[in-house]
Each structure stands twice: as C-alpha cells, then as structure tokens.
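Novice: Sharing a model that was predicted from the sequence below.
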Amino acid sequence: MAEKYIEYTIQSGDTLWDLSQKYDTTVDELAKLNNIENPNLIYAGATLKIPVAQTEEEKAKEEEEAKKTAEAVAKLKAAKEAAEAKAAAEAKKVEEEAKKSIFEKIADKIKGDK
C-alpha cells in the first residue's frame, strides 16, 4: 500500500512526541521517515513528512487497482504461454517437414542409384 504524507512545518515548542500523538504515528516512524538522527533535536521552520492514514474509499480504490493489475498480469502470462506453445508447435512442424524432406531426398537418391 502506498503511504500518504503531509508536509508539516515545525513550530517553536513542537516535539516529535507531540506530533506523533497528534497525527497517530510514532516518534520512531517520524524520525525514520525524516532521517532524524536525534529525535530530541528538531528545529522550528524545518519541514517534516508526516504519514497520514488512508480513507476507506482510498483503500478500496487502491485494492481495486491492485486487483485489476493482477488480472492484467495473469492475462499477459496466459497469452505469453499460449504464444510460446504455438511457436513450439510450429517449430516442431517445421522440423518434422525438414526431416521428411531429407528422407524423401535420400529415398529418391537410393531409387536413382538402382
């Protein structure tokens, strides 16, 4: 699932803990997402990415898109397999015709030698 984010400008007095509570996330997630080495040291005016939860409608839409993608991939795989099977059958037919032609030439040669 794709994460959604908001951009938040840190205000004087903000802490990652306060922001994590406000936006229903964790200090660790905020620190990791924003490459913050020391979660106790943030600066007013800096911008943070804060993850936001998807709505049920957004989740449903994303799941539907994933389902359609999976169906399309399955159809492509089936088409590829069918094409490969057809190509293999055609190659086998060409090979058999070539062998038959060689045998006919050998047979004609033997008949001609008699």
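Specialist: Sure thing, it's come through.
Novice: So which bits of whatever helix or strand residue 30 lives in are buried?
Specialist: Per DSSP states H and E, residue 30 falls inside helix 27-33. For helix 27-33, a neighbour-count test (16 or more other CB atoms under 10 Å) marks 27, 30-31 as buried. The C-beta positions use only the backbone N, C-alpha and C, and glycine is treated the same way.
Novice: Residue 49: which element?
Specialist: Per DSSP H and E: strand 47-52 holds residue 49.
Novice: One more: residue 90?
Specialist: helix 56-113.
Novice: ok so, going back, starting from the strand holding residue 49, tell me which strands it pairs with and how they run.
Specialist: Using DSSP bridges, the strands paired with strand 47-52 are strand 4-9 (antiparallel).
Novice: mind listing what's buried in the partner strand?
Specialist: For strand 4-9, by 16+ other CB under 10 Å, it's residue 8.
Novice: hmm, back to that, any idea of the mean pLDDT for the helix holding residue 90?
Specialist: The pLDDT scores in helix 56-113 average 88.
Novice: Specify the beta-bridge partners of residue 48.
Specialist: residue 8.
Novice: How many residues are close by it?
Specialist: The tally of other residues near residue 48 (other CB atoms under 10 Å) stands at 20.
Novice: Count the neighbours of residue 19 for me.
Specialist: For residue 19, using other CB under 10 Å, the count is 18.
Novice: Over to residue 16?
Specialist: Neighbour number of residue 16 under other CB under 10 Å is 23.
Novice: measure it to residue 52 for me?
Specialist: Counting by CB to CB, to the nearest Å, the separation of residue 16 from residue 52 is 16 Å.
Novice: Equivalent analysis for residue 99, please.
Specialist: 68 Å.
Novice: Tell me which of these two has more neighbours.
Specialist: residue 52 (13 against 10).
Novice: For that one, list the residues it contacts.
Specialist: Residue 52 makes contact with 4-6, 23, according to CB atoms under 8 Å, 6 or more residues apart in numbering.
Novice: ok, now with 6 Å
Specialist: 4, 6 (CB atoms under 6 Å, 6 or more residues apart in numbering).
Novice: Just list whatever residues bridge to it.
Specialist: Here residue 52, judged by DSSP bridges, has bridge partners residue 4.
Novice: All good on my end, thank you.
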